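Asks: Mind folding the following:
(3 chains)
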Amino acid sequence: MPELPEVETTLRGIAPHLLHQRIAGVVIRNPRLRWEIPGNLPELLHGQTVRDLQRRAKYLLIAFDRGTLILHLGMSGNLRIHPLGTAAGKHDHFDLLLENGKLLRLCDPRRFGAVLWQAGDVAQHPLLAELGPEPLQSGFDADYLHAVTRKRKAAIKLAIMDSHVVVGVGNIYANEALFRAGIRPQTAAGRLSKERCACLTAAIREVLRAAIKQGGSSLRDYVDSDGKRGYFQQQYFVYGRTGEACRTCGTTIRQVKQGQRSTFYCPVCQR
DNA sequence: CTTTTGACCTGACAGC
DNA sequence: TGCTGTCAGGTCAAAA
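Replies: Next up is the predicted model:
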């Protein structure tokens, strides 16, 4: 589920239900996510009011007066709004109960997600403090990417998926952005010219923006009912298209492994 | 410092 | 039907 566009869509979907609401209760059914959910969350949050919601990388940040709840969806998580009292399913591990008669529910079958608490400045949390720039903000440009990759011999695809380089670029959009930029994923990061860095940063922005736009159209579905519809309607150029014809030149799309993840590319369009 | 590998989990699916 | 192996949208932490 959760590439950056889906996290952003989730944020936009849940925010109106949560903002300015007071917490009526917290339910922890299974605390064993990637890190254990803090057992004192119910005491910490009870009666507190949601002041702000933001996204940083793929983390959702729900700010209260005394600290911030940090949520991550991992590989398989989703957040939905339900009426209070809605029966929980097998993988519904965590609920935030609200005074407006709704609840926010985290469902995460693989339990790679996270629910954490940071008192004070959330940017100081160890998971957030060392992160690279947001791909959709001004700090991520050709000069930056060129400078930060100079000493890297690793493949450019691995570099753009490294959260110290830039956050929020997951496997789908790393593949799609490299196709759009016409860059072979195996290219050593340090050998990319500044012009190609400009191409790639632009491609990453465009691919993410387009996906957010599409996700936005299915936003109501995603949060209120069965979500995802619309997300999978996206047409990918290379992701998951092994053996199929390149939409641009007709060449067969290839699949290789990089860092234990699947990479898809067109050997003609991407050099 | 960079790079690689293992680890955390469940579910879906292919093949025998 | 049931077993085994592979794969999946993430990313940290430790080892090399």
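
Asks: residue ranges of the helices in chain A, please?
Replies: A:4-18, A:41-45, A:126-129, A:142-149, A:156-160, A:171-181, A:194-217, A:219-224 (DSSP state H).

Asks: What count of nearby residues applies to the residue nearest to A:Arg241 when sequence neighbours are not counted?
Replies: Closest residue in space to A:Arg241, ignoring its immediate chain neighbours: A:Ile253 at 4.6 Å, by CB to CB, 6 or more residues apart in numbering. C-beta here means a position set from N, CA and C on the backbone, and glycine is covered the same way. When neighbours are counted by other CB atoms under 10 Å, A:Ile253 registers 23.

Asks: swap in A:Val7?
Replies: 26.

Asks: Now do the buried residues in stretch A:161-177.
Replies: Residues of stretch A:161-177 classed as buried by neighbour count (16 or more other CB atoms under 10 Å): A:161-162, A:165-177.

Asks: Nearest to DNA strand B, out of those residues: which one, please.
Replies: Nearest to DNA strand B among the buried residues of stretch A:161-177, counting by CB to the nearest atom of the strand, is A:Asp162 at 7.7 Å.

Asks: any idea how far the closest one is from A:Ala177?
Replies: 14 Å (CB to CB, to the nearest Å).

Asks: cool, A:His93 as well?
Replies: Distance from A:His93 to A:Ala177, by CB to CB: 32 Å.

Asks: Need the nearest residue in space to the closest residue to DNA strand C within chain A, chain neighbours excluded.
Replies: Per CB to the nearest atom of the strand, A:Gly170 is where chain A lies closest to DNA strand C, at 2.1 Å. Computed as CB to CB, 6+ apart, the closest residue to A:Gly170 that is not its neighbour in sequence is A:Glu3, at 4.2 Å.
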